[in-house]
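Q: Sequence plus the predicted model coming up.
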Amino acid sequence: MPLNLHSETKHVEGGKRIGSALISVYHKDGLEAIVRELHRLEVRIYSTGGTQAFIEGLGVPVTAVEDLTSYPSILGGRVKTLHPKVFGGILGRRDLASDLAQLEEFAIPPIDLVIVDLYPFEATVAAGGSEEAIIEKIDIGGISLIRAGAKNHADVVIVSSRSQYPEMLSLLSSQNGTTTLVQRKKFAAQAFGVSSHYDSAIYNWFSGDQAELRLSAGPANALRYGENPHQPATFFGDLQALFEQLGGKALSYNNLLDLDAALELIDDLSTLGGVPFAILKHNNACGAAVRPSIREAWDAALAGDPISAFGGVLITTATMNKATAEAIDAIFFEIVCAPAYDADALEVLRKKKNRIILVRKPTKKPVRKYRTALNGILAQSPDSVIDTMTSARTATKKTATASEEKDLFFANILVKHTKSNAIVLAKGYQLLASGTGQTSRVDALEQAIAKAQKFKFDLKGTVMASDAFFPFPDCVAIAAAAGITAIVQPGGSIKDQESVDACDTLGIAMCITGNRHFKH
């Protein structure tokens, strides 16, 4: 009996009505509503393996792909849908007589809708899967289905991601199973984006550090504007994987840069023990402290520079409680980020509707950093080094005291996350002042001293951290005159000994880490 090739795809109000669908997904969550709607629309469903069993479990009729192809799933499931009767049904052009003739000759039914959810390759890599497990999560049939459906979008709808299920369900129900060319083309573009991202992830895993640049950062999120209102901007990535936003306006370009700096800093500070709290402006910390409780940490961080804290980004690793929420509510700030919030703390913070309240989710950091430069892109590994006394050495006759040693490496974390040239002054696990983004180290130190004195800090017994070496001993002399008693710096200058000798003369302890921490 010849196939009725026109009964599966009906033209309705300038669109095409879905008469048949192939569903092959890894994750089944969110699929039920679409399956039931397809059943209501009397769409014939083809499927295989676990997806077929899921659909059957819903009590919805489904035709096994094996029954269509007369060929079983083989090689442990590696080959299921790779068959002319499947791909012919997807790629057959409904307006081309020769294609229709061949479909009828070989009894190939047209397929109007393809729903695919690829094997979780990236998740398997991120979870530390074995090489064998990772290889097995390289999808072959699924990626082929996606490309075929997208190529023939003139006749076929391709749903290539779970994130598209709500939109597809809405189209099915609101348009009675009919789609327009514009809609199908949109799904096709998204499908090629999915396949490109998937292939880039596989390429990068195989190639490792020797990879040519293959960037695919995730969905595009249009921002209000860039660094300035006249600059259009977009964020490519999955912010929902990083944060749950509980209130406030949409994140801006500058917000995202500040948050990136804040997360990097707070993660390093969390290695010191206690509760860290940091306040950032323009990617630099203007307040930071580590204390036994979140409220104490906030008070100490704010004291470092209560003026610059205005409009800042606040971040901590502790649950936000009501007492701290009330304290920070006394100033204007753009963003607060914490792993959790007490209900009464949220009530306080939500009083200002534009205040951005973020819950940080646990997630792995990128293994490479990128930025554009000239007509290309620079890539480097993150500065993940956290210096300690174990890896550093004392270069002077005087040794830092136990409390000075703790402060030195607290300050060294802060200077690592401060724009170069940078100097940080600290005491008692509290940022007293910093000199940031100066063209000379002397200027950075003098800026930091002046700022600390402005806020009435006693610098006697303070420690100092420098992000790079001292080319001359002048900074040592300035530091000694201010009351600084211990210094940490990377070393590496041909005149290191001159700075060491100056410390010995002035009674200052100096630790050398061997690790420079420029930040541009």
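A: Yep, that arrived. Numbering: from 1, shown residues only.

Q: which residues are in contact with stretch 89-100?
A: By C-beta atoms under 8 Å, 6 or more residues apart in numbering, the residues outside stretch 89-100 that reach it are 5, 9, 20, 22, 102-103, 108-111, 114, 145, 148-149, 151-152, 154-156. C-beta: built from backbone N, CA, C; applies to glycine.

Q: now those: which count as buried?
A: 5, 9, 20, 22, 103, 108-111, 114, 145, 148-149, 152, 155-156 (16 or more other C-beta atoms under 10 Å).

Q: Give me the subset of these lying in helices.
A: Those of those mapping onto helices are 103, 145, 148-149, per DSSP state H.

Q: all helices of the stretch 351-500 of the chain, in order?
A: Remark: helices assigned in the stretch 351-500 of the chain by DSSP state H, counting those that start in this stretch are 402-416, 441-454, 474-482, 496-506.

Q: Tell me the pLDDT of Gly19.
A: Note on Gly19: pLDDT of 91.

Q: The residue lying closest to Ala338 once chain neighbours are set aside and Leu246, how far apart?
A: Using C-beta to C-beta, 6 or more residues apart in numbering and skipping residues adjacent in sequence, the residue nearest Ala338 is Met320, 4.5 Å away. Here Met320 is placed at a distance of 11 Å from Leu246 (C-beta to C-beta, to the nearest Å).

Q: Now the biggest helix by length in the chain: average pLDDT?
A: Selection of the longest helix in the chain by residue count, based on DSSP H, yields helix 181-207. Mean per-residue pLDDT for helix 181-207: 89.

Q: What about the nearest residue to Cys475 once chain neighbours are set aside, how many residues nearby?
A: The shortest distance from Cys475 to any non-neighbouring residue, by C-beta to C-beta, 6+ apart, is to Leu445 (5.2 Å). Neighbourhood size, Leu445 [other C-beta atoms under 10 Å]: 27.

Q: Helix or strand for the closest residue in space to Gln183 that isn't next to it in sequence, just tell me which one.
A: Distance criterion C-beta to C-beta, 6+ apart; nearest residue to Gln183, sequence neighbours excluded, is Leu171 at 6.5 Å. For Leu171, the enclosing helix or strand under DSSP states H and E is helix 165-174.

Q: which residues are in contact with that helix?
A: For helix 165-174, contacts defined as C-beta under 8 Å, 6+ apart pick out 18, 30-31, 33-34, 37-38, 41, 115, 157, 159, 179, 183, 187.

Q: Check pLDDT for these and point me to the minimum.
A: Across these, the smallest pLDDT goes to Gly30, namely 89.

Q: So what's the model's average confidence on the helix holding Leu171?
A: Here the average pLDDT along helix 165-174 is 92.

Q: so what's the closest residue to Pro382 other than its chain neighbours bridging to?
A: Leaving aside its sequence neighbours, Pro382 sits nearest to Lys369 (C-beta to C-beta, 6+ apart; 5.5 Å). Under DSSP bridges, the beta-bridge partners of Lys369 are Gln380.

Q: Would you mind putting the ones in helices among the buried ones among the contacts of stretch 89-100 into JSON lines with distance to Arg393 and pLDDT alongside?
A: Formatted as JSON lines, those follow (distance: C-beta to C-beta, whole Å; pLDDT from 0 to 100):
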{"residue": "Leu103", "distance to Arg393": "77", "pLDDT": "85"}
{"residue": "Leu145", "distance to Arg393": "60", "pLDDT": "93"}
{"residue": "Ala148", "distance to Arg393": "62", "pLDDT": "93"}
{"residue": "Gly149", "distance to Arg393": "62", "pLDDT": "94"}
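
Q: among the residues you listed, which two are most distant?
A: Comparing every pair within those by C-beta to C-beta identifies Leu103 and Leu145 as the most remote, at 17.5 Å.

Q: residue contacts, the residue nearest to Pro382?
A: If you count contacts by C-beta under 8 Å, 6+ apart, Lys369 has them with 379-382.

Q: For those residues, pick the one with the most neighbours.
A: Ala379 (13 neighbours).

Q: Wait, that one touches Thr372, no?
A: No. In this structure Ala379 lies outside contact range of Thr372 using C-beta atoms under 8 Å: 10.8 Å.

Q: And for Ser47, the neighbour number?
A: 25.

Q: That one is in contact with Glu66, isn't it?
A: No. The criterion here is C-beta under 8 Å, and Ser47 misses it with Glu66 at 10.2 Å.

Q: Quickly list what Val275 is bridged to.
A: Beta-bridge partners of Val275, counted by DSSP bridges, are Arg291.

Q: Could you give the number of residues near it?
A: Per other C-beta under 10 Å, the neighbour tally for Val275 reads 20.

Q: Quick check: closest non-adjacent residue to Ala278.
A: What sits nearest to Ala278 in space, not counting adjacent residues and going by C-beta to C-beta, 6+ apart, is Ala288, at 4.4 Å.

Q: Quick check: buried residues in stretch 287-299?
A: 287-291, 294-299.

Q: That stretch: how far from the chain's middle?
A: 27 Å (C-alpha atoms, centre = their mean, to the nearest Å).

Q: Also stretch 15-30?
A: Distance of stretch 15-30 from its chain centroid, counting by C-alpha atoms, centre = their mean, is 30 Å.

Q: got the end-to-end distance for that stretch?
A: Start-to-end span of stretch 15-30 (C-alpha to C-alpha, to the nearest Å) is 26 Å.

Q: Next: stretch 173-180.
A: Counting by C-alpha to C-alpha, you get 14 Å between the two ends of stretch 173-180.

Q: Buried ones in it, by neighbour count?
A: Quick answer for stretch 173-180 (16+ other C-beta under 10 Å): 175, 177-179.

Q: Quick check: of the residues you listed, which lies closest to Phe87?
A: Checking the buried residues of stretch 173-180 against Phe87 with C-beta to C-beta, the nearest one is Thr179 at 20.5 Å.

Q: Ile158 is in contact with that closest one, correct?
A: No. Using C-beta under 8 Å, Thr179 is not in contact with Ile158; the gap is 10.8 Å.

Q: And the nearest residue to Ser73 once chain neighbours are set aside, its phi and psi?
A: In space, Ser73 comes closest to Lys80 once its chain neighbours are excluded; the distance is 4.5 Å by C-beta to C-beta, 6+ apart. Lys80 adopts backbone torsions of phi -130, psi -60, taken as degrees, to the nearest 10.

Q: Please work out the average pLDDT along stretch 133-144.
A: The model assigns stretch 133-144 a mean pLDDT of 89.

Q: What of stretch 64-78?
A: Across stretch 64-78, pLDDT averages out at 78.

Q: Buried residues in it, which are they?
A: Neighbour count says stretch 64-78 has 65, 68-69, 73 buried, by 16+ other C-beta under 10 Å.

Q: quick one: which of the residues you listed sit in helices?
A: Filtering those for helices - DSSP H - leaves 65, 68-69.

Q: Of those, which is the nearest to Tyr119?
A: Val65 (17.0 Å).

Q: And the helix or strand following the helix holding Leu171, what does it pack against?
A: Downstream of helix 165-174, the first helix or strand assigned by DSSP H and E is strand 178-179. Other elements packing on strand 178-179 under the criterion 3 or more C-beta pairs under 8 Å, 6 or more residues apart in numbering; DSSP states H and E are strand 15-18.

Q: Touching the strand it packs on from outside, list them.
A: With C-beta under 8 Å, 6+ apart as the test, strand 15-18 has contacts from 9-11, 38, 41, 43, 112-113, 155, 157, 172, 175-181, 183-184.

Q: same deal with stretch 340-357?
A: Applying C-beta under 8 Å, 6+ apart, the contact partners of stretch 340-357 are 245-249, 251, 255, 319-322, 324-326, 328-329, 333-336, 359.
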